[in-house]
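> here is the input, now give the coordinates:
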Amino acid sequence: MLIRIILLIGAFLAGLLLLAGQWGLLSGKTPTNLGITDGKLKAPSPTENSVSSQASLYPNHPMRAYAEIAPITYTGEPAAAWAKLERAVGALPRTSIIANKKLDSGQRYLYAQCTTLLLRFTDDVEFVMDESNHVIHVRSASRLGRKDFGTNRSRVEIVRAAFNAS
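Numbering: from 1, shown residues only. Purely as a prediction, here's the structure:
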């Protein structure tokens, strides 16, 4: 009898969590400090829920080692590489490209939001092109939670694989 009660309570709580996600209560607020500041993307999150190819630019950051990921490298024309990136990001499921622009500094910048299927958690993904070094820097971070269980790293590697395959 006690096991049934525990299972019913667990199922009820799981249902409430699922409903909260479907109603958008788990998406978090869009950060106001995204973008490029002093030529850099925002620092990694203070917890294990983000990756950044610019993590090394923040040497004293507590999550620098966890967050480090290689930038996406390219050869050829920057415009062609950027078009490949747009296709790769646009092909991600449940992903919306929010901003895709050339900044006053001449850098190309892309910002997208990725949403999980069931609970509707939202992650923010940013890319900036460094034409002089033939790389595209990336930052991917969860809005909520202390851990992402490798989701952001996996997403970046999926984009990298799609970019390199095209």
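
> for the residue most central in space within the chain, list the residues it contacts.
In the chain, the residue lying closest to the centroid (CA atoms, centre = their mean) is S140, at 2.6 Å. For S140, the contacting residues are S50, V51, S52, D123, D124, V125, E126, N152, R153, R155, V156, by CB atoms under 8 Å, 6 or more residues apart in numbering. From N, CA and C alone the C-beta is placed, and that goes for glycine too.

> for the strand or helix carrying C114, C-alpha coordinates in PDB please.
According to DSSP states H and E, C114 maps onto strand 108-115. What follows is strand 108-115, C-alpha atoms only, in PDB (Å, rounded to 0.1, in the frame of the first residue of the first chain):
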ATOM      1  CA  ARG A 108      29.500  38.200 -37.800                       C
ATOM      2  CA  TYR A 109      27.300  37.200 -34.900                       C
ATOM      3  CA  LEU A 110      24.500  34.500 -34.600                       C
ATOM      4  CA  TYR A 111      22.300  33.900 -31.600                       C
ATOM      5  CA  ALA A 112      19.900  31.000 -31.300                       C
ATOM      6  CA  GLN A 113      17.600  29.500 -28.700                       C
ATOM      7  CA  CYS A 114      17.200  25.700 -28.300                       C
ATOM      8  CA  THR A 115      14.300  24.200 -26.500                       C
END
